[in-house]
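> generate a structure from the sequence data that follows.
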Amino acid sequence: MTIRRSVKYNTSRQQLEFDTTKRNKIRIVDFCDTLADILKKAKKEQHKQLLMYGELYKLNYYQEVTDQKRIHYDWHLLDRNEIPPEDYNQISLVCIRQNGALEQPSTIQSACRRAKNKLEGLDDFHFHALRHTYTSNLLANGAPPKDVQELLGHSDVSTTMNVYAHATRDAKRSSAKLLDKVANGN
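All right, here's what the predicted structure looks like:
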């Protein structure tokens with residue numbers, strides 16, 4: 001998977017936009033066959049939804065805008081039958097709603113807040129905690145730190161090890177149990 005941009009809400013412009021990555025670097029992330037299968041199924045499901053929603057299906061676009069000598073890539077959502085302006089570029093996204101609209105980061109944040117409020121033991125839960133669990137599990141199962149560093153996009157392997165090397169067996173089990181609570185609805 002090639003990561004070129006991230007989705008962010010620009011509060012000063014009050015606009016959702018596709019921004020550069022944290023360090024302005026394009027990176028390639030390898031993933032397993034399981035994730036490849038999940039993504040293929042998601043793409044097939046998107047096609048089914050497109051047929052089901054018909055004209056009501058939404059299409060995602062970005063528009064390159066220069067503001068104060070900085071280039072922004074603004075997100076726009078149009079109906080399927082709507083003719084986009086010439087400077088709009090259609091973009092194919094993975095995380096979309098059934099109607100084709102981009103699933104915004106704020107939706108994920110809101111879902112995490114609801115889970116935290118509903119379930120005991122999730123007091124400190126936020127979406128980024130899943131990244132920590134993923135990383136701790138990779139390292140605990142023998143993944144080479146350099147590979148983990150590249151998967152995470154850290155600029156240096158010492159960053160990865162400084163953040164994650166302290167993870168104890170109990171901490172890893174505790175993190176895994178948090179995911180069980182979320183998955184099982186407890």
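> what about the protein, any weak spots by pLDDT?
Low-confidence segments of the chain, defined by pLDDT under 70: 165-174, 186.
> redo that, cut-off 50
Across the chain, the ranges flagged by pLDDT under 50 are 168.
> tell me where it has strands.
Using DSSP state E, the strands of the chain run over 2-3, 5-10, 15-20, 27-28, 58-67, 70-79, 88-90.
> where's residue 146 relative to residue 22, distance?
When distance is defined by CB to CB, to the nearest Å, residue 146 is 19 Å away from residue 22. Every C-beta, even on glycine, is put in place using the N, C-alpha and C of the backbone.
> what's the single longest helix in the protein?
Among the elements of type helix in the chain, defined by DSSP state H, the one spanning the most residues is helix 33-53.
> list the buried residues in it.
Judged by neighbour count (16 or more other CB atoms under 10 Å), helix 33-53 contains these buried residues: 46, 50.
> make a markdown table from the strands of the chain and add distance to residue 101 and mean neighbour count to it.
Formatted as a markdown table, those follow (distance: least, CB to CB, whole Å; neighbours: other CB atoms under 10 Å):
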| stretch | distance to residue 101 | mean neighbour count |
| --- | --- | --- |
| strand 2-3 | 21 | 10 |
| strand 5-10 | 12 | 14 |
| strand 15-20 | 11 | 17 |
| strand 27-28 | 27 | 11 |
| strand 58-67 | 4 | 16 |
| strand 70-79 | 5 | 15 |
| strand 88-90 | 13 | 14 |
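> could I get the ones you listed as JSON lines with distance to residue 105?
Conversion of the strands of the chain to JSON lines gives the following (distance: least, CB to CB, whole Å):
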{"stretch": "strand 2-3", "distance to residue 105": "15"}
{"stretch": "strand 5-10", "distance to residue 105": "6"}
{"stretch": "strand 15-20", "distance to residue 105": "9"}
{"stretch": "strand 27-28", "distance to residue 105": "19"}
{"stretch": "strand 58-67", "distance to residue 105": "14"}
{"stretch": "strand 70-79", "distance to residue 105": "11"}
{"stretch": "strand 88-90", "distance to residue 105": "21"}
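> so which of these gets nearest residue 43?
Relative to residue 43, the nearest member of the strands of the chain by CB to CB is strand 58-67, separated by 14.4 Å.
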